[in-house]
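Sequence and predicted structure below; questions after.
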Amino acid sequence: MAQRTKWALDPSHSEVGFKVKHMMFTNVSGMVKNFTVEAESGDDNFSDPVIKFSGEAASISTNNADRDKHLHSGDFFDVAAYPSMNFVATSFKKIDGENYQLTGDLTIKDVTKPVTLAVEFGGLQKDPWGNIKAGFSINGKINRKDWGLTWNAALEAGGVLVGDDVKIHAEIQLVKQ
C-alpha cells in the first residue's frame with residue numbers, strides 16, 4: 001500500500017463560520033472558535049482523502065453574550081449534553097479545475113445526516129519556513145431543523161425570528177506532516 005500523507009490543521013490561518021437569517025431580513029454571523037481537522041491523502045492532489053472535523057459546541061460565538069448563552073442552551077445546541085459537532089468525509093470529488101465536492105456525515109446533537117459542501121482547493125504553497133500548506137475554501141448550506149435545532153419565535157408582522165437555513169463558510173489551511 002502506498003504511503004499516505006498526513007496533514008495537520010494550521011489553526012492560526014483557519015476559521016469556520018456560519019450565517020443565519022434573523023427576523024427574515026438580515027443575517028447574523030457566528031463562528032466555531034475551537035475546532036480540529038484531521039486529514040490524510042493519497043497524494044498532494046488530495047486523492048482518496050480521509051477528513052475529519054470536530055467543533056466544540058460551547059465555542060460557538062456570535063459576539064453577543066446573551067445570544068451565545070441561548071445557543072449553548074437546550075433550546076439549540078445543548079452543549080452540556082452534546083459537547084461536539086463532528087463531520088466525517090465520505091467522498092471528495094473533483095468537479096473541474098480547483099472546484100471539488102465534499103460529501104460526508106455531519107453529527108450535531110447525536111443526529112447524523114449527510115451533507116454536501118462546495119470546496120475550492122487553492123493548491124499547495126511553501127511558506128517562508130519551508131512548510132508545505134494546502135488551502136481550502138468551503139461553502140454549503142444546511143437546514144438546522146434536520147439536526148433538531150428547532151427553537152423559534154413568531155414575529156408580530158408574520159414570519160419567524162430565526163431562519164431555517166444556515167450558510168456555512170470555512171477557510172482551512174493544512175500543513176503537510
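Now that the structure is in, tell me what you want to look at. Quick caveat, the model's predicted, so the values are computed rather than measured.

Is Ile168 in contact with Asn143, as I believe?
No - the pair Ile168 and Asn143 fails to qualify as a contact (Cβ atoms under 8 Å) at a distance of 11.7 Å. (Glycine included, C-beta is placed from N, CA and C.)

who has more neighbours, those two?
Per other Cβ atoms under 10 Å, whichever of Ile168 and Asn143 has more neighbours is Ile168, with 18 against 12.

Distance from the helix or strand containing that one to the middle of the chain?
Counting by DSSP states H and E, the element that carries Ile168 is strand 162-176. How far strand 162-176 lies from its chain's middle: 4 Å, per Cα atoms, centre = their mean, to the nearest Å.

Tell me the buried residues in that strand?
Residues of strand 162-176 classed as buried by neighbour count (16 or more other Cβ atoms under 10 Å): 162-163, 166-170, 172-174.

Check stretch 140-151 too.
Neighbour-count burial for stretch 140-151 flags 140, 142, 144, 147, 149 (criterion: 16+ other Cβ under 10 Å).

can you put those residues in JSON lines and add secondary structure and distance to Pro114?
Below are these laid out as JSON lines (DSSP: H, G, I helix; E, B strand; the rest coil; distance: Cβ to Cβ, whole Å):
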{"residue": "Gly140", "secondary structure": "strand", "distance to Pro114": "12"}
{"residue": "Ile142", "secondary structure": "strand", "distance to Pro114": "10"}
{"residue": "Arg144", "secondary structure": "helix", "distance to Pro114": "16"}
{"residue": "Trp147", "secondary structure": "helix", "distance to Pro114": "12"}
{"residue": "Leu149", "secondary structure": "coil", "distance to Pro114": "17"}
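
That concludes my questions; thank you for your assistance.
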